[in-house]
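Trainee: got a structure for you, letters missing:
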DNA sequence: TATGAATGAGCTTTCATTCAT
DNA sequence: GATGAATGAAAGCTCATTCAT
């Protein structure tokens, strides 16, 4: 767990580097907070426990984060943005055409990329997945970022491959949902429910790709 | 929401009917608790709020449920048992052979049944899905009931159809996971994330059946 | 413990026999109450625990005893009266002259009688001793019964033996206090602090008598 | 009452001075707690009442004392140690031989010292005496400190004077018990039961010394 | 008479937040 | 910037007492 948290932290630190650098204490607070949020949930975590694990005074937390909720958002928001980053740059379509000539290649790339992402950010994602349904503010942010930004672009990709006759003429939303379900189901099984089992990425990815492709063959 | 809660409640009342009948107040407490737990989560719900919504004194809650956690378990546990009920009766295999001669029929039946179940018990399921990762006791119960009871039986079904050459020779765990992912993804989308949209069950079921069947064709 | 309680109970039952007989439940309540009061103290005992140990409903307690305090008083008061009984009958002095011609005989008789009494009523005495300092009502009752009734009579006895030249000319209050201290110290050591040790009544009584007599010799 | 509490407090403050100084609020809490515990007993005292009398917020109590019981122990424990202090220093026997050549001198010194001690620490002693029979933790501590430390040393003193032929050949436990009973009886009468009466220390001490000495003469 | 569900005030304890140092 | 003592509202829970059955 701590290793995972560290990986995310080093990225987060770099993220803030440009404008306001994170203090040493701030880093320790974020680290402690993610660890405990991931373990017992936001609502069941006390600021005093975070302070203790971070090795700082309780007051120090509130010097940097006005409220406990602000601390949660400071952790989840940047990762939520990262989550959609691969899909939102302007030339997404061009890149797509150049790099992936078939839906199979596209699906394989997306799956690999998402597994990689989940692995890198797992503790924060766990917090995000569980808190999003309790925090309207996170829900709103998610809807804007994913719903409008990502969904639209992917819908166009799907429609393109449908026009090519590569995939079945289900409503694009269905195609999206079916594909995403398979990937999400894998990620939850692998990282949340059976994280102790040994997993063979390559084999699993190929299984999923075959399943999705066959499933969507016209 | 209230309608859904009512549907679950009337079943719960019947469940208890045999040994210790539920008091009028007890019913109101369960009703209020599920509603608020589903809305803001177990940890963020106060017993005083439950009491207020139920129209009883706070002490009344603790007369029937020794702790707040006991109240949660009294709500979730019976539904968790119901959840696995269709798979655990002794003659599961016989029934299977008689009723479903193909994996397609089996999958279609399961999907329909699960949608029906989710619809009937949605509010409690929502609470269960969100709390299971915080409550080791629920996790343990789930592992016993689902892991040992259900998974084994379904694995045998899958192996049977694999021997028939109907479905691809993936590891049974993969087949299970892929199938379940599709159904779970649908249920979450439909009841949790986009419950306001209009949904066409029949069409959706056929889409899923086609997707899974094609996906698993050898 | 239970045996001791039983001994006291049978007397209490007889006490009430004349006017209002104690119901079966009432007896069980008194029994349970004394046991738990003696164990954990009045303030730390809940009426629900008494009801449970007595095997009756909580409401039943309040049918017989208007408040928890009333229950305490119903237990302690009769024993407090018994405590002073040997000293308060009208012809105390006559009896004294007939039966005890020396202070030694008087002291020996009193000590034996008090040990006997303490043994018989120990659980209730324990409750009484500990609660008397918290309950003004018990204090008042004690002051009236002991202070005015008993102290006066004993003072006269002491003054009589002082006039006989048998005991030293300390203030009667001092003689009383010194004598009582020795007996009380023995009873507390024997029943409260070291109840598990084996005790030899006869030897101990003679030791005390000798100590007191020598101590008070002019 | 308040004066007595103050006397004890100033000693307690000095006791803590070396390692962790007591906060101003902490002192007020201890002061208020002793006063109310002494008045109505530990179990019947609410932390809110303590907070109110101390003029602090209820939360402040729990910042310094994890539980209400911890608060009780913080008050009683140091006094219990003080209680045995005069008997436990290493050279107790030497000092004894130098200072007290007769049992009479020894008894007189002990009585004076104990009266002095009781006077100084009365409110806390009252709390201690009443709570010790409800709190196994206090009982255990008392048994260790008094039972093993003090009783042994005093037994040796008694045996020494018995060898000198100064006091009667009762079992040392009896001598101890008889002597202690007289002192304890005096202290309880003087401070607990009849604290309002005027008392003449010097006369009372000489009375007790004479009583004990005569009582124990061989 | 006896019950036990119901009450609501009060209990101990927790907690996010403030603020003087 | 950092601290941690202090706060007081609110948490989960207990309890003596009431009352309809």
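Mentor: Thanks, I have it. If you're wondering where the values come from, they're calculated on a predicted model, not measured in any experiment. Numbers count the residues shown, from 1 in each chain, chains lettered A, B, ... in the order given.

Trainee: Could you list the low-pLDDT ranges of chain A?
Mentor: By pLDDT under 70, the low-scoring segments of chain A are A:1-6, A:15-20, A:89-96.

Trainee: For the most centrally placed residue in it, which non-adjacent residue is closest in space?
Mentor: Computing the C-alpha centroid of chain A and ranking residues by Cα atoms, centre = their mean puts residue A:83 first, at 4.4 Å. The spatially closest residue to residue A:83, leaving aside those adjacent along the chain, is residue A:117, at 7.1 Å (Cβ to Cβ, 6 or more residues apart in numbering or on different chains). In short, each C-beta sits where N, CA and C put it, glycine included.

Trainee: Output the longest helix belonging to chain A.
Mentor: Of all the segments of type helix in chain A, defined by DSSP state H, the longest one is helix A:103-131.

Trainee: Helices along chain A, start to end?
Mentor: Along chain A, the segments classed as helices by DSSP H run A:2-17, A:24-40, A:47-54, A:58-64, A:68-88, A:92-99, A:103-131, A:136-142, A:151-163, A:172-187, A:201-216.

Trainee: Can you name the residues in contact with the last one?
Mentor: Under the criterion Cβ atoms under 8 Å, 6 or more residues apart in numbering or on different chains, residues A:103-104, A:107-108, A:111-112, A:115, A:167-168, A:170, A:175, A:178-179, A:182-183, A:186, A:190, B:168, B:170, B:174, B:178, B:210-212, B:214-217 lie in contact with helix A:201-216.

Trainee: Could you list the domains of chain A?
Mentor: Structural domains annotated on chain A: A:3-64, A:73-214, as defined by automatic domain parsing.

Trainee: Go through those and name the closest to residue D:145.
Mentor: Nearest to residue D:145 among the domains of chain A is domain A:3-64 (34.5 Å), distances taken as Cβ to Cβ.

Trainee: hmm, the closest one in reach of chain D?
Mentor: No: with Cβ under 8 Å from any Cβ of the partner chain as the criterion, chain D is not reached by domain A:3-64; the gap is at least 10.7 Å.

Trainee: how about that domain against DNA strand F, any contact?
Mentor: Yes: using Cβ under 7 Å from any atom of the strand, domain A:3-64 reaches DNA strand F at A:23-26, A:56-60, A:62-64.

Trainee: Now flag whichever of these is closest to DNA strand F.
Mentor: Checking those against DNA strand F by Cβ to the nearest atom of the strand gives residue A:59 as the nearest, at 1.7 Å.

Trainee: So what's the residue count around the closest one?
Mentor: Close neighbours of residue A:59, defined as other Cβ atoms under 10 Å in any protein chain shown, add up to 9.

Trainee: gap between it and residue A:48?
Mentor: Residue A:59 is 11 Å from residue A:48, where distance means Cβ to Cβ, to the nearest Å.

Trainee: again, but for residue A:134
Mentor: Using Cβ to Cβ, we find residue A:134 at a distance of 21 Å from residue A:48.

Trainee: Tell me which of these two has more neighbours.
Mentor: Between residue A:134 and residue A:48, residue A:134 has the larger neighbour count (other Cβ under 10 Å), namely 18 against 10.

Trainee: Angles on the backbone of the residue nearest to that one when sequence neighbours are not counted, please.
Mentor: On the basis of Cβ to Cβ, 6+ apart, the spatially nearest residue to residue A:134 that is not a chain neighbour turns out to be residue B:41, at 5.1 Å. Dihedral pair for residue B:41: phi 90, psi 150, per degrees, to the nearest 10.

Trainee: and chain A, which of its residues are near DNA strand F?
Mentor: Where proximity means Cβ under 7 Å from any atom of the strand, the interface of chain A facing DNA strand F comprises A:23-26, A:56-60, A:62-64.

Trainee: mind giving me JSON lines with these and columns for distance to residue B:10?
Mentor: As requested, the residues of chain A next to DNA strand F are exported to JSON lines (distance: Cβ to Cβ, whole Å):
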{"residue": "A:23", "distance to residue B:10": "57"}
{"residue": "A:24", "distance to residue B:10": "58"}
{"residue": "A:25", "distance to residue B:10": "55"}
{"residue": "A:26", "distance to residue B:10": "52"}
{"residue": "A:56", "distance to residue B:10": "52"}
{"residue": "A:57", "distance to residue B:10": "53"}
{"residue": "A:58", "distance to residue B:10": "48"}
{"residue": "A:59", "distance to residue B:10": "52"}
{"residue": "A:60", "distance to residue B:10": "52"}
{"residue": "A:62", "distance to residue B:10": "48"}
{"residue": "A:63", "distance to residue B:10": "53"}
{"residue": "A:64", "distance to residue B:10": "50"}
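
Trainee: Leaving out the residues flanking it, which one is nearest to residue A:73?
Mentor: On the basis of Cβ to Cβ, 6+ apart, the spatially nearest residue to residue A:73 that is not a chain neighbour turns out to be residue A:137, at 7.0 Å.

Trainee: Could you do residue A:154 as well?
Mentor: Nearest one to residue A:154, counting by Cβ to Cβ, 6+ apart, is residue A:176 at 5.9 Å.

Trainee: tell me what the longest helix of chain A is packed against?
Mentor: Using 3 or more Cβ pairs under 8 Å, 6 or more residues apart in numbering or on different chains; DSSP states H and E as the contact criterion, the neighbours of helix A:103-131 among helices and strands are helix A:2-17, helix A:24-40, helix A:68-88, helix A:92-99, helix A:151-163, helix A:172-187, helix A:201-216.

Trainee: mind running it again at 6 Å?
Mentor: Counting contacts by 3 or more Cβ pairs under 6 Å, 6 or more residues apart in numbering or on different chains; DSSP states H and E, helix A:103-131 packs against helix A:2-17, helix A:24-40, helix A:68-88, helix A:172-187, helix A:201-216.

Trainee: got TSV for the ones you listed, with distance to residue C:142 too?
Mentor: Formatted as TSV, the helices and strands packed on helix A:103-131 follow (distance: least, Cβ to Cβ, whole Å):
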stretch	distance to residue C:142
helix A:2-17	66
helix A:24-40	55
helix A:68-88	57
helix A:172-187	76
helix A:201-216	83
